[in-house]
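Novice: mind folding the following:
(one chain, ligands or ions: 1)
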Amino acid sequence: MKPIKSMTTNAQYAELFDSLVRVSKGLNKVSSLKEMAAFLQTETSTLFQLTDVWIYITDAKRTGWLNHVAGVGPNAEIMSTIVPHINYNDDPIFKKMLGQRKIFYTEDLLIEPEANKDVTPLLNLRTVVNYPLFVDGKALGVMAFGSFGEQTVILSPTELNYFDVITEQTALTVSRMHFFDKSQQDHLTKLSNRYGLEKKLRNLDDNNRDCDSALCFIYLDLNNFKQINDNFGHLAGDHMLKTFSSYLSKELKSADIIARIGGDEFVLVFSVPEQCDIDDFVHKIIQRIKHHCCAVDYRGNKFQLEFAWGHVAVDCKDYSINDLFNVADIKMYQLKNSQVNVKSARVVKPQKQVAEKA
Ligand SMILES: Nc1nc2c(ncn2[C@@H]2O[C@H](COP(=O)(O)OP(=O)(O)OP(=O)(O)O)[C@@H](O)[C@H]2O)c(=O)[nH]1
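Specialist: As a prediction, the model looks like this:
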């Protein structure tokens, strides 16, 4: 098939300029990497017929690795399945891109014929513009625009320059997003914090506008948690919170949101079918938590965490976030007050004294 040959006329300059203005305004508003990729894909598919956009971000835990974090376009699924991670030290193109902060275009790939030789035939990738994302000299990842199938898109130097211009803005957006994510995350447990919970509830609200499901909001509060801190020290308390949280994340994968909203207070949010028996649903969730999440080991001591809970279910199209908190909170306290002889955070068979009290 004949390649789409690109020339830069005055009209095209104007088009590129208009797009750059839209990009600089639009990138300020996006609040997720996926949204950012979708926004850029709209621009580049219209301008250059580059139909797919994907983003790899450096792995904070594995030096030298990039993880696929967002993809938009007809081949998004294939891309994330075939290339979920990239070890950039093993890949000559990525190594140069991140080492030399250089954009790589399809033609440059010919310089490294061995690169991606296993993957490229599977992807049927015809054109690609890869650019590295850097902020303050630190590599954040790589963003790529591609077209697949039969047709090769040839870009003029001016058009490639367009990608040079948006590189910096994209990198700043990724960096801003990082702050945004951190602001929504509880530092200790890595669950959503209260702010993150409210943001996610609003997103659910927007996404669920047409749905027929109910939203089930469960509020958990550990019993007598203060005693753990007082008797075993704050490190022990922190350990309980982290372990309990990681159990919740592992056990309740169907939850839409799991948040730690205060010291020993947690919120779980589930979308459930409207016809579902909510009390029965919550009962099963609570039993799972009790069964899997409440026995925590700490330095040879076994702690049995206990908690009170309250829940509320609302129509997913019509609720107020404040009401969710208020109703679930009232119910949780009713239960807490009725839990006579609560011995939360019981130490089961203490084996040795933990000498760590602050
Ligand atoms: N270790 C640790 N303790 C925390 C953290 N945040 C809050 N806390 C402590 O959690 C305890 C919560 O105490 P309370 O609100 O009285 O709760 P409780 O002891 O569980 O009492 P009830 O809820 O009435 O059963 C306080 O001692 C806080 O100092 C944290 O991040 N780490």
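
Novice: make it CA atoms for all contacts and neighbour counts henceforth
Specialist: Fine.

Novice: enumerate the residues of the stretch 101-250 of the chain near the ligand.
Specialist: For the stretch 101-250 of the chain, the contact set with the ligand under C-alpha under 6 Å from any ligand atom comprises 222, 223, 224, 225, 226, 229, 234, 235, 237, 238.

Novice: name the SS class of the fifth one, please.
Specialist: Read that as residue 226. helix (DSSP: H, G, I helix; E, B strand; the rest coil).

Novice: what about it, how many neighbours?
Specialist: Counted with other C-alpha atoms under 10 Å, the neighbours of residue 226 add up to 17.

Novice: among the residues of the stretch 101-250 of the chain next to the ligand, name the ones in strands.
Specialist: residue 222 (DSSP state E).

Novice: list only those of the residues of the stretch 101-250 of the chain next to the ligand flagged as buried.
Specialist: 222, 223, 224, 225, 226, 229, 234, 237, 238 (16 or more other C-alpha atoms under 10 Å).

Novice: now for the closest residue to the ligand within the stretch 51-200 of the chain, how many residues are close by?
Specialist: Per C-alpha to the nearest ligand atom, residue 188 is where the stretch 51-200 of the chain lies closest to the ligand, at 6.7 Å. Using other C-alpha under 10 Å, residue 188 has 13 other residues around it.

Novice: grab the nearest non-local neighbour of it.
Specialist: residue 242 (6.7 Å; C-alpha to C-alpha, 6 or more residues apart in numbering).

Novice: same deal with residue 48?
Specialist: residue 153 (7.3 Å).

Novice: beta-bridge partners for the one you found, please?
Specialist: residue 4 (DSSP bridges).

Novice: okay, the residues of the stretch 101-250 of the chain next to the ligand in TSV with pLDDT next?
Specialist: Output for these, formatted as TSV (pLDDT from 0 to 100):
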residue	pLDDT
222	94
223	91
224	89
225	92
226	92
229	93
234	94
235	95
237	95
238	96
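
Novice: now residue 37: how far from residue 60?
Specialist: Separation of residue 37 from residue 60 (C-alpha to C-alpha, to the nearest Å) stands at 21 Å.

Novice: give me the more crowded residue out of those two.
Specialist: Neighbours per residue (other C-alpha under 10 Å) separate residue 37 from residue 60, with residue 37 holding more: 24 against 11.

Novice: next, residue 215: secondary structure please.
Specialist: strand.

Novice: bridging residues for it?
Specialist: Judged by DSSP bridges, the bridge partners of residue 215 are residue 271, residue 314.

Novice: and the one 4 residues further on, by the same measure?
Specialist: For residue 219, the beta-bridge partners under DSSP bridges are residue 267, residue 310.

Novice: state the distance from it to residue 176.
Specialist: 31 Å.

Novice: which of those two has more residues huddled nearby?
Specialist: residue 219 (26 against 16).

Novice: which stretches in the stretch 251-358 of the chain count as helices?
Specialist: Here the stretch 251-358 of the chain has its helices, by DSSP state H, counting those that start in this stretch, at 278-293, 321-338.

Novice: how far does the longest one sit from its chain's centre?
Specialist: To tie it back to what came earlier, the one meant is helix 321-338. Centroid separation between helix 321-338 and its chain, computed with C-alpha atoms, centre = their mean, to the nearest Å, is 29 Å.

Novice: pull the CA atoms of the helix or strand where residue 199 lies into PDB?
Specialist: For residue 199, the element it lies in under DSSP states H and E is helix 194-207. The C-alpha trace of helix 194-207 is given here as PDB (Å, rounded to 0.1, in the frame of the first residue of the first chain):
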ATOM      1  CA  ARG A 194     -10.000  10.300  52.500                       C
ATOM      2  CA  TYR A 195      -9.300  12.700  49.700                       C
ATOM      3  CA  GLY A 196      -8.700   9.900  47.300                       C
ATOM      4  CA  LEU A 197     -11.900   8.100  48.400                       C
ATOM      5  CA  GLU A 198     -14.000  11.200  47.800                       C
ATOM      6  CA  LYS A 199     -12.300  11.700  44.400                       C
ATOM      7  CA  LYS A 200     -12.900   8.100  43.400                       C
ATOM      8  CA  LEU A 201     -16.500   8.300  44.600                       C
ATOM      9  CA  ARG A 202     -17.100  11.200  42.400                       C
ATOM     10  CA  ASN A 203     -15.600   9.400  39.400                       C
ATOM     11  CA  LEU A 204     -17.800   6.400  40.200                       C
ATOM     12  CA  ASP A 205     -20.700   8.700  40.300                       C
ATOM     13  CA  ASP A 206     -19.800  10.100  36.900                       C
ATOM     14  CA  ASN A 207     -19.200   6.700  35.300                       C
END
